[in-house]
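Student: after the sequence you'll find the predicted model.
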Protein chains: 2
Amino acid sequence: MNATIETILAHRSVRDFEDKKLTKEQIETIVKCAQSASTSSFIQAYSIIGVTDQAKKDQLASVAGNQSYVAKNGHLFVFCADFYRHEVIGEMEDANILQTIESTEKFMVGLIDAALAAQNAALAAESMGLGICYIGGLRNDLPKVCELLEIRERVIPLFGMVVGYPAKMNEQKPRLPLEHLYHENRYEAEKESYQQQLLTYNETIKHYYDTRTAGERVETWTEQMARTLSRRTRMYMHEFVKQKGMNKH
Amino acid sequence: MNATIETILAHRSVRDFEDKKLTKEQIETIVKCAQSASTSSFIQAYSIIGVTDQAKKDQLASVAGNQSYVAKNGHLFVFCADFYRHEVIGEMEDANILQTIESTEKFMVGLIDAALAAQNAALAAESMGLGICYIGGLRNDLPKVCELLEIRERVIPLFGMVVGYPAKMNEQKPRLPLEHLYHENRYEAEKESYQQQLLTYNETIKHYYDTRTAGERVETWTEQMARTLSRRTRMYMHEFVKQKGMNKH
């Protein structure tokens, strides 16, 4: 096992950081690593906003459901799908590109580009001994995030990522069995064996929460998923994304 | 600079592989690394299909615009957003989760989850001395990909990734200037300086293509983007994704 694979396999989200900021050099290295990721047809359809203003961080923490680590960390990055750049290019080159950049296909490209870049950033940070946590909670209120960070049309903040010196490391959460997630040559999902794999995994997760919370939390993965997915959260997203000029047709 | 950051910064897409298959151990390590990535609310909304059947690989290469490296490589992975798993969970737990998993918000989660996992897979492979290339070209005809790999509803193949022993390494493509892509505290895009950055970058890219093709290709980045985005490709995606049961509302 090499150092990179060790870093990858050692990942766990960190939610408790020392009071120590990242240096300009660390931030630049992380962003350069993000930019090294592949990008669909060289389109580079994303932007990154670093947030250092404490008042803004406090308000973003409130958007994310009062998660204190969104306010208290070494640095907060916000990853955005970005087609404003391409709108400007359309004007510069006198090319009609609006139909394309407003399509669902290009919305997907923006999301995938941004996520590939983000995961490079995450691993770069972790390889330096820093900890990270993705902040999907920003999607609780993207209009507010856009207002706070003055994010314009054709740019959609997707998630945050807090980075910093870990004050506390959590245990790793066990993942789905490899054979449940990885198929060969065809998507195999014979319902009976598929459900059986989920039941086996449920025992793993029940044990994980039980041990971690000293018996306070007793929940299987399918229970947790059913509970989470029964809540109709962030249903404004469909309209919001369209208003931003993406995923329209 | 540590080994992980070196691996990240050394990335370039590889499109020419030796005739040597990946071992079962290599494939498992790569998939385990993919699974180590963060996942939104622990939802694990993706699946990976490994394609070894040569006839299927040939047909997928044809979908991707006859790119020979889709057929000839050490291994081909196809990354999918997957909410079939959660549909089954809804039945198992007698929970009404369809509204949620059909939302644009969860479509975004599926794409982001799959892409984070994929980038871990890419770096794991590259750290082993293998090369990779993302195959967005599969999105030319996703109904065909679904037919070939027997991919069911609520599962959407997003992109492929070919992995193998590099027969030839390309140069690295220069990325957008860091200050154009990375903002602090607010999305800054004063149009004049923004366009100026693009013009500067254009010179970099023109020089890159010029050198790489011995003068045969003379194109700036904004020209390339305008050309690419003027083509209304993959416009079926909006309807296709809905039919698959995602991004509906």
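Tutor: That came through, no problem. In this text, all values refer to a predicted model and were calculated from it rather than measured experimentally. Numbers count the residues shown, from 1 in each chain, chains lettered A, B, ... in the order given.
Student: secondary structure element for the residue of chain A most remote from its centre?
Tutor: What lies farthest from the middle of chain A is residue A:94; by CA atoms, centre = their mean that is 34.6 Å. Following DSSP states H and E, there is no helix or strand that holds residue A:94.
Student: over to it: give its phi and psi.
Tutor: The phi/psi pair for residue A:94 (degrees, to the nearest 10) reads phi 50, psi 50.
Student: from residue A:127, how far off is it?
Tutor: Here residue A:94 is placed at a distance of 44 Å from residue A:127 (CB to CB, to the nearest Å). (Glycine included, C-beta is placed from N, CA and C.)
Student: show me where chain A has its strands.
Tutor: With DSSP state E as the criterion, chain A has strands at A:46-51, A:75-82, A:131-135, A:155-164, A:182-184.
Student: let's have those strands in JSON lines, adding mean neighbour count, distance to chain B and mean pLDDT.
Tutor: Below are these laid out as JSON lines (neighbours: other CB atoms under 10 Å in any protein chain shown; distance: least, CB to the nearest CB, whole Å; pLDDT from 0 to 100):
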{"stretch": "strand A:46-51", "mean neighbour count": "24", "distance to chain B": "5", "mean pLDDT": "98"}
{"stretch": "strand A:75-82", "mean neighbour count": "25", "distance to chain B": "8", "mean pLDDT": "98"}
{"stretch": "strand A:131-135", "mean neighbour count": "26", "distance to chain B": "5", "mean pLDDT": "98"}
{"stretch": "strand A:155-164", "mean neighbour count": "25", "distance to chain B": "6", "mean pLDDT": "98"}
{"stretch": "strand A:182-184", "mean neighbour count": "18", "distance to chain B": "5", "mean pLDDT": "97"}
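Student: which helix in chain A runs the most residues?
Tutor: Ordering each helix of chain A by length in residues (DSSP state H) puts helix A:104-127 first.
Student: report the angle between that one and strand B:155-164.
Tutor: With axes from the mean of the first three to the mean of the last three CA atoms, to 10 degrees defining the directions, helix A:104-127 sits at 50 degrees from strand B:155-164.
Student: ok now helix A:104-127, how far from the chain's centre?
Tutor: Centre-to-centre, helix A:104-127 and its host chain are 8 Å apart (CA atoms, centre = their mean, to the nearest Å).
Student: can you dump the C-alpha atoms of that helix in PDB for me?
Tutor: Extracted C-alpha coordinates of helix A:104-127, given in PDB (Å, rounded to 0.1, in the frame of the first residue of the first chain):
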ATOM      1  CA  THR A 104     -29.300  19.200 -18.100                       C
ATOM      2  CA  GLU A 105     -26.300  17.700 -19.700                       C
ATOM      3  CA  LYS A 106     -24.100  20.700 -18.900                       C
ATOM      4  CA  PHE A 107     -25.600  21.000 -15.400                       C
ATOM      5  CA  MET A 108     -24.300  17.400 -14.900                       C
ATOM      6  CA  VAL A 109     -20.900  18.500 -16.200                       C
ATOM      7  CA  GLY A 110     -20.700  21.400 -13.800                       C
ATOM      8  CA  LEU A 111     -21.500  19.200 -10.900                       C
ATOM      9  CA  ILE A 112     -19.100  16.400 -11.800                       C
ATOM     10  CA  ASP A 113     -16.300  18.900 -12.600                       C
ATOM     11  CA  ALA A 114     -16.700  20.600  -9.300                       C
ATOM     12  CA  ALA A 115     -16.900  17.400  -7.300                       C
ATOM     13  CA  LEU A 116     -13.800  15.900  -9.000                       C
ATOM     14  CA  ALA A 117     -11.900  19.100  -8.200                       C
ATOM     15  CA  ALA A 118     -13.200  19.000  -4.600                       C
ATOM     16  CA  GLN A 119     -12.100  15.500  -3.900                       C
ATOM     17  CA  ASN A 120      -8.600  16.300  -5.100                       C
ATOM     18  CA  ALA A 121      -8.600  19.300  -2.700                       C
ATOM     19  CA  ALA A 122      -9.800  17.000   0.100                       C
ATOM     20  CA  LEU A 123      -7.000  14.500  -0.500                       C
ATOM     21  CA  ALA A 124      -4.300  17.100  -0.800                       C
ATOM     22  CA  ALA A 125      -5.400  18.600   2.500                       C
ATOM     23  CA  GLU A 126      -5.500  15.200   4.200                       C
ATOM     24  CA  SER A 127      -2.100  14.300   2.900                       C
END
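Student: could you check it against chain B for contacts?
Tutor: Yes: against chain B, helix A:104-127 shows contacts by CB under 8 Å from any CB of the partner chain at A:104-106, A:108-109, A:111-112, A:114-116, A:118-120, A:122-124, A:126-127.
Student: quick one: contacts for residue A:145?
Tutor: A:60, A:63, A:78, A:138, A:151, A:157 (CB atoms under 8 Å, 6 or more residues apart in numbering or on different chains).
Student: 6 Å - rerun?
Tutor: Residues counted as contacts of residue A:145 (CB atoms under 6 Å, 6 or more residues apart in numbering or on different chains) are A:138, A:157.
Student: and it, how far is that from chain B?
Tutor: Going from residue A:145 to chain B by CB to the nearest CB, to the nearest Å gives 11 Å.
Student: next one: residue A:8
Tutor: 5 Å.
Student: in space, what's closest to that residue - neighbours in sequence excluded?
Tutor: residue B:33 (4.6 Å; CB to CB, 6 or more residues apart in numbering or on different chains).
Student: and what of residue A:161?
Tutor: residue A:77 (4.6 Å).
Student: pull the contacting residues for residue A:135.
Tutor: A:64, A:70, A:159-160.
Student: want to throw those into TSV with distance to residue B:221?
Tutor: What follows is these, written out as TSV (distance: CB to CB, whole Å):
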residue	distance to residue B:221
A:64	35
A:70	34
A:159	27
A:160	28
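Student: what's the domain layout of chain A?
Tutor: The record's domain split for chain A, according to automatic domain parsing, is A:3-170, A:178-218.
Student: start to end distance for the shortest one?
Tutor: It refers to domain A:178-218. 24 Å (CA to CA, to the nearest Å).
Student: residue A:76 contacts residue A:49, doesn't it?
Tutor: No: the criterion here is CB atoms under 6 Å, and residue A:76 misses it with residue A:49 at 8.8 Å.
Student: can you list contacts of the longest helix of chain A?
Tutor: Under CB under 6 Å, 6+ apart, the answer for helix A:104-127 is A:7, A:30, A:33-34, A:37, A:39-40, A:45-46, A:79, A:81, A:100, A:132, A:158, A:163, A:246-247, B:2, B:4-5, B:8, B:111-112, B:115-116, B:119, B:234, B:237-238, B:241.
Student: so for it, mean pLDDT?
Tutor: Helix A:104-127 carries an average pLDDT of 98.
Student: before we move on, back to that, how near is the residue nearest to residue A:161 to residue B:185?
Tutor: Counting by CB to CB, the gap from residue A:77 to residue B:185 is 12 Å.
Student: and residue A:215, by the same measure?
Tutor: Distance from residue A:215 to residue B:185, by CB to CB: 44 Å.
Student: could you do residue A:54 as well?
Tutor: Counting by CB to CB, the gap from residue A:54 to residue B:185 is 10 Å.
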